[in-house]
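sequence plus the predicted model coming up.
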Amino acid sequence: MSIAEEGLPMPRVSQQYKDDQRAEILAAARRCFVRNGFHRTSMQDVFTEAGRSAGAVYRYFPKKEDMIVGVATQNLDDVTEVLRTALTRVDGERGVGEVMADLLEAVIERHHDKQLATVALMVWSEALRNPALAERLEAATVRMSQDMAALVRERQQAGTWTGAPADVLARGILSILPGFLFNLALLGPS
């Protein structure tokens with residue numbers, strides 16, 4: 001006789017358990033996407049990589065598109081986190097070059113762990129055909145630009161950094177990041 005047949009309450013699955021399951025499926029999807037690309041990865045590939053049944057995966061991701069957006073969102077969050085971490089280590093004496101060196105080193109570290117640069121390239125490409133993803137990419141870019149502009153303003157007010165207006169300088173600094181990610185994805189860390 002089952003629990004339901006005996007009239008006993010069904011055990012509840014905690015939110016932490018659900019979050020962990022979702023994260024494990026996304027990690028498996030990420031590995032598949034890095035290996036085969038978004039569109040050459042099948043749902044069966046993800047089931048196998050995750051060691052989950054179709055039903056278990058579809059419970060969290062009804063369509064492959066949902067997995068793509070999930071992995072892309074994680075990657076955008078990771079890039080934003082790397083930038084914020086690098087910016088919080090800035091003290092009053094450090095120049096733009098030192099801040100960029102910290103940022104690029106942090107990107108390399110995260111790339112080793114999660115193939116950050118490879119997924120970034122795929123996300124940029126996918127954003128050209130997926131409006132929801134394009135929206136998330138734009139929002140993340142605006143957020144990163146605002147964070148960098150705030151740092152530049154702070155440094156300019158302290159007299160450490162001079163030159164162009166803060167918003168322009170921030171965009172210039174951040175323009176280096178996509179090129180670096182592109183090189184890292186194609187050539188690997190040097």
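All right, it came through fine.

quick one: distance of the helix ranked longest in the chain to the chain centre.
Using DSSP state H, we find that the single longest helix of the chain is helix 131-157. Taking the mean of its C-alpha atoms, helix 131-157 sits 15 Å from the chain's own mean (Cα atoms, centre = their mean, to the nearest Å).

packing partners of the helix or strand following that helix?
Heading C-terminal from helix 131-157, the first helix or strand you meet, by DSSP states H and E, is helix 166-187. Applying 3 or more Cβ pairs under 8 Å, 6 or more residues apart in numbering; DSSP states H and E, we find helix 166-187 packed against helix 64-88, helix 96-114, helix 116-127, helix 131-157. In this view, the C-beta of every residue, glycine as well, is placed from N, C-alpha and C.

for the third one, list the C-alpha coordinates in PDB.
In other words, helix 116-127. What follows is helix 116-127, C-alpha atoms only, in PDB (Å, rounded to 0.1, in the frame of the first residue of the first chain):
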ATOM      1  CA  LEU A 116      32.600  31.400 -19.300                       C
ATOM      2  CA  ALA A 117      34.000  32.700 -22.600                       C
ATOM      3  CA  THR A 118      32.800  29.800 -24.700                       C
ATOM      4  CA  VAL A 119      29.200  30.200 -23.400                       C
ATOM      5  CA  ALA A 120      29.400  34.000 -23.800                       C
ATOM      6  CA  LEU A 121      30.100  33.700 -27.500                       C
ATOM      7  CA  MET A 122      27.200  31.300 -27.900                       C
ATOM      8  CA  VAL A 123      24.900  33.600 -25.900                       C
ATOM      9  CA  TRP A 124      25.900  36.600 -28.100                       C
ATOM     10  CA  SER A 125      25.100  34.600 -31.300                       C
ATOM     11  CA  GLU A 126      21.900  33.200 -29.900                       C
ATOM     12  CA  ALA A 127      20.700  36.700 -28.800                       C
END
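
quick one, it and helix 166-187 angle?
110 degrees (axes from the mean of the first three to the mean of the last three Cα atoms, to 10 degrees).

ditto for the last one
Interaxial angle, helix 131-157 versus helix 166-187 (the same axes, to 10 degrees): 120 degrees.

just to revisit the earlier point, got TSV for the helices and strands packed on helix 166-187, with distance to Ala23 too?
Formatted as TSV, the helices and strands packed on helix 166-187 follow (distance: least, Cβ to Cβ, whole Å):
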stretch	distance to Ala23
helix 64-88	9
helix 96-114	12
helix 116-127	15
helix 131-157	18
